[in-house]
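Q: coords please:
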Amino acid sequence: MIKRNFKIPISSFVFIITVFIVPISCEKEDSPKIPFGYDPNFNYLEVLRSSPDYAFESTEGYIGFTYQEPNDTSLIQLKNLFNLDSVAGEGNELDRIFNLFNWAHKQIRHDGTNSTPGPENSIAILQHVKETGKGVNCVMMAIVLNEVYLSMGIKSRVIQGNAKKFIFNGDWHSFNIVYSDTLSKWIFLDLMMKAFFTDDKGNFLSISEIRDHLIMGKELNLNPEANYNSEPVDEDDYLNYLSKNLYRFSCSVDSRFGNYEIFHLGDPPGRIYYHLDPRGDKQDGLGLAVNYFTSNPDFFWAKPY
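A: Sure, this is the predicted structure:
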């Protein structure tokens, strides 16, 4: 593994949860054992490794995940406004995926303490950072990357990675999964860190594979270009941070333009979220949304086709 110097700033993430989450149920036992926010000196990997396995319950009748087609008017506007065909280039699928990833990272700086612009869609967010010179939080960054991929006909999702004690932790992280037809698998991409991981054979890894590698102590390799606002990343610190936020996951059923609006309490009705939890370790739901809970990772990480 490559050692990097920059430490994840604790204050960059704490602001988000105070606006986003409305508790539906509260399980306070054990919460004092895990620090509030992110403590780089706490061993989150130990917590992750102590998590129960998944239940793999039957998912018959569950609503499946959907992905907006690139012929949507707003996605066409996004693609044309930022010349994304030219950005993607004419290379193979993986070249196009990473050209778009690198472009999006250059457009946006991260600032978890900055107020969130509205509406929460890629066009508004990109215009906001261009006009103000300000950064945005990890959720906004993940929204931008998700809609950039959808506009180019590439399936992707925004994933929220949560700690063991979701409500009482004070911190979580959003990133993306993008589907590669060439590899027939999901790839983890973190725009905030310009990060992805490969295994000991150089294979791109999904979120579920990264989680498994952490639990089993298998080799994980961070890409050399990973950086936080142009500062190099301490890989060990980043993996510790991910260990905290790969305990459980949340994701909208519908991956489409302008679907998130999670920082404004006037959200449109009908938002549906799935939550993936270890066996018997159900998390709290998201406010102003219909919440479904599963302990079946095969369903939650299902391929788009």
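
Q: where do the strands sit along the stretch 1-150 of the chain?
A: 66-67 (DSSP state E, counting those that start in this stretch).

Q: Quick one: the helices in it, in order.
A: Counting by DSSP state H, counting those that start in this stretch, one finds helices in the stretch 1-150 of the chain at the ranges 11-20, 44-49, 73-81, 84-88, 93-107, 122-132, 138-151.

Q: Y62 is nearest to which of those?
A: helix 138-151 (21.7 Å; CB to CB). Where C-beta positions appear, they are placed from N, C-alpha and C, glycine not excepted.

Q: from memory I97 sits against S180, does it?
A: Yes. With contact defined as CB atoms under 8 Å, I97 reaches S180; the gap is 6.7 Å.

Q: what about those two, which has more around it?
A: I97 (23 against 16; other CB atoms under 10 Å).

Q: Now do the strands in the stretch 201-305 of the chain.
A: In the stretch 201-305 of the chain, the segments counted as strands under DSSP E, counting those that start in this stretch are 221-222, 227-228, 231-232, 248-252, 254-255, 272-276, 290-294.

Q: Save these as CSV, and put in mean pLDDT too.
A: Output for those, formatted as CSV (pLDDT from 0 to 100):
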stretch, mean pLDDT
strand 221-222, 98
strand 227-228, 98
strand 231-232, 96
strand 248-252, 95
strand 254-255, 96
strand 272-276, 92
strand 290-294, 90
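
Q: Serialize those to TSV and add fields for mean neighbour count and distance to I210.
A: Below are the strands of the stretch 201-305 of the chain laid out as TSV (neighbours: other CB atoms under 10 Å; distance: least, CB to CB, whole Å):
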stretch	mean neighbour count	distance to I210
strand 221-222	19	10
strand 227-228	20	18
strand 231-232	14	20
strand 248-252	22	12
strand 254-255	20	20
strand 272-276	19	14
strand 290-294	15	20
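
Q: Which of those sits closest to S51?
A: Proximity to S51 (CB to CB) singles out strand 248-252 among the strands of the stretch 201-305 of the chain, at 8.5 Å.

Q: ok so, going back, out of the strands of the stretch 201-305 of the chain, nearest to K130?
A: strand 227-228 (20.5 Å).

Q: Is K244 in contact with E46, as I believe?
A: No. K244 is beyond contact range of E46, at 10.8 Å (criterion: CB under 8 Å).

Q: Have a look at the two and say which one is more surrounded.
A: K244 (26 against 9).

Q: For the more buried one, report the pLDDT, please.
A: For K244, the pLDDT comes out at 94.

Q: bridging residues for W186?
A: Y179 (DSSP bridges).

Q: from memory it sits against I177, does it?
A: Yes. With contacts counted by CB under 8 Å, W186 reaches I177, the gap being 4.3 Å.
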